[in-house]
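Engineer: Take this sequence and fold it.
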Amino acid sequence: MESYAILPAQSKGREYPVEPSNYGSVFQRDRDRILHCGSFRKLQFKTQVFLENKGDYYRTRLTHTLEVAQIARTVSKELGVNSELSEAIALAHDLGHPPFGHTGEEELNNLLIDEGGFDHNIQTLKIVTKLEKMYASHPGLNLTIETLDGIIKHNGPLKSINQYITENIKNLKKFNFEKSPSIEAQIAAISDDIAYNSHDLEDGLRAGFFNLSDIKSLPIVEEAYQTVEKKYKSVNYKTKCYEIIRYFLNYLVTNLIEESSNRLKLIKDKNLKSFRNEKLRLIDLSNNTKKDLEIISKYLFENMYRSKEVIFERKKSSKVIMDLFNFYNTNLNLLPYDWQKKIKYSNSESPKRIIGDYISGMTDRFAINQHTVLVN
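Structural biologist: Residues are numbered from 1 along each chain as shown. You can find the predicted model right below:
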């Protein structure tokens, strides 16, 4: 591996000491712990853009996460860094998402604004350090410091430290939140951007928000369209869509690897400590490609995310979250017994914050079913 890769032997360990595994590195172990936890399984029934029950072909939060992990693994291997760590961070990055995607997050944030708000990244940290109850010897998943650091900082260094981050970390001395995230964390973050831009175009085509004629002049898509048209003249429309999205995705991954390789040459043979002081973002797309993606994101925003159908579903989803929150807030005795106990014995968290944790852990279908039973 390259000098800027994080090796398993360099790990700062875990918050709670454990016996070493006979079957893999510490980062493989992190990945496996994430894959086996209940919060990961729930992603199967959580919204990406379209409600989970709207069709079997659309992305859910789980399929999105798996695609991010696949991209991160590929990019990491090409750049000579630790693919196991990148994959672990990618697999964990959306664990804290509530039902109904960003709509659910916005509604919970509004409902908890006097309690510090709600942020899915911080909720992910809380899940892996506190809320998961799989182990007798410790709360959470007891992931390595490197994976936790990547979860906290995968979008970049923190200018200010949220109190909820410090509340969920046992030993703050092992972290440096102001320094740049690891190369592996940067890869996981940008793999997320590549994945959702690619699959949202595909899902938008499938759902009929636009067709190939509408998007064939968009940057990158134009090149993909012309290449596929030339190579596969008689292929059916559906397969043509797949080929164009595949070309689009491959273009972005290739651009990321090439641009990042050039930037990493600047720090070749530097150690981990020195590269974290670099001002230049080391893992990134080229400036031209980033400008192209801005145009595509704007198109998706105007033609899919802000479509009447999606806005209508968002309003319904917001109401489900709000109604459930208000119902439980006035009927604490109707929460599951374990959650009632949390409220009774908590010294640091308000009932509203605990209700927020409970609702954020729901799947779309469970939230809708609870709303039907309790509120309607």
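Engineer: What is the stretch of helix or strand Val373 belongs to packed up against?
Structural biologist: Val373 is located in helix 364-374, with elements delineated by DSSP states H and E. In terms of contacts (3 or more CB pairs under 8 Å, 6 or more residues apart in numbering; DSSP states H and E), helix 364-374 is packed against helix 308-330. For every residue, glycine as well, the C-beta is placed using N, CA and C.
Engineer: Check the gap between Met241 and Tyr251 for me.
Structural biologist: Small correction: residue 241 is Cys, not Met. 16 Å (CB to CB, to the nearest Å).
Engineer: likewise Ile215?
Structural biologist: From Ile215 to Tyr251 the distance is 14 Å (CB to CB).
Engineer: And Leu79, by the same measure?
Structural biologist: Leu79 is 17 Å from Tyr251, by CB to CB.
Engineer: Just give me the neighbour total for Phe325.
Structural biologist: Close neighbours of Phe325, defined as other CB atoms under 10 Å, add up to 20.
Engineer: Excluding chain neighbours, give the residue nearest to it in space.
Structural biologist: Among residues not flanking Phe325 along the chain, Leu111 sits closest, at 5.0 Å (CB to CB, 6 or more residues apart in numbering).
Engineer: Next, count neighbours for Phe209.
Structural biologist: 19.
Engineer: Who are the contact partners of it?
Structural biologist: When contacts are counted by CB atoms under 8 Å, 6 or more residues apart in numbering, Phe209 touches Asn303, Met304, Ser307.
Engineer: A strand includes it, no?
Structural biologist: No - counting by DSSP: H, G, I helix; E, B strand; the rest coil, one finds Phe209 to be coil, located in no strand.
Engineer: which residues touch the nearest residue to it once chain neighbours are set aside?
Structural biologist: Excluding its sequence neighbours, the residue lying closest to Phe209 (CB to CB, 6+ apart) is Met304, at 4.5 Å. Contact analysis of Met304 by CB under 8 Å, 6+ apart lists Val49, Asp200, Gly204, Ala207, Phe209, Phe210, Val310.
Engineer: Could you report the pLDDT at Met304?
Structural biologist: Listed pLDDT for Met304 reads 90.
Engineer: where does it sit relative to Glu167, distance-wise?
Structural biologist: From Met304 to Glu167 the distance is 37 Å (CB to CB).
Engineer: cool, Thr47 as well?
Structural biologist: From Thr47 to Glu167 the distance is 28 Å (CB to CB).
Engineer: So for those two, which sits in the more crowded spot?
Structural biologist: Between Thr47 and Glu167, counted using other CB under 10 Å, Thr47 has the larger neighbour count: 26 against 15.
Engineer: List the backbone torsions phi and psi for the nearest residue to the more buried one once chain neighbours are set aside.
Structural biologist: The shortest distance from Thr47 to any non-neighbouring residue, by CB to CB, 6+ apart, is to Gly101 (4.0 Å). Phi and psi for Gly101, reported as degrees, to the nearest 10, are phi 60, psi -140.
Engineer: count of neighbours near Gly101?
Structural biologist: Neighbour number of Gly101 under other CB under 10 Å is 24.
Engineer: for Lys316, same thing?
Structural biologist: Lys316 - counted by other CB under 10 Å - has 14 other residues nearby.
Engineer: How are the strands of the stretch 1-150 of the chain distributed by residue range?
Structural biologist: In the stretch 1-150 of the chain, no strands are found when defined by DSSP state E, counting those that start in this stretch.
Engineer: All the helices of it, in order from the start?
Structural biologist: 26-36, 38-42, 61-79, 83-92, 101-111, 120-126, 145-153 (DSSP state H, counting those that start in this stretch).
Engineer: And these: which comes nearest Leu293?
Structural biologist: Closest of the helices of the stretch 1-150 of the chain to Leu293 is helix 61-79, at 14.4 Å (criterion: CB to CB).
Engineer: Could you pull up the mean pLDDT of that closest one?
Structural biologist: 96.
Engineer: for stretch 346-364, same thing?
Structural biologist: 95.
Engineer: next one: that stretch to chain centre, how far?
Structural biologist: 20 Å (CA atoms, centre = their mean, to the nearest Å).
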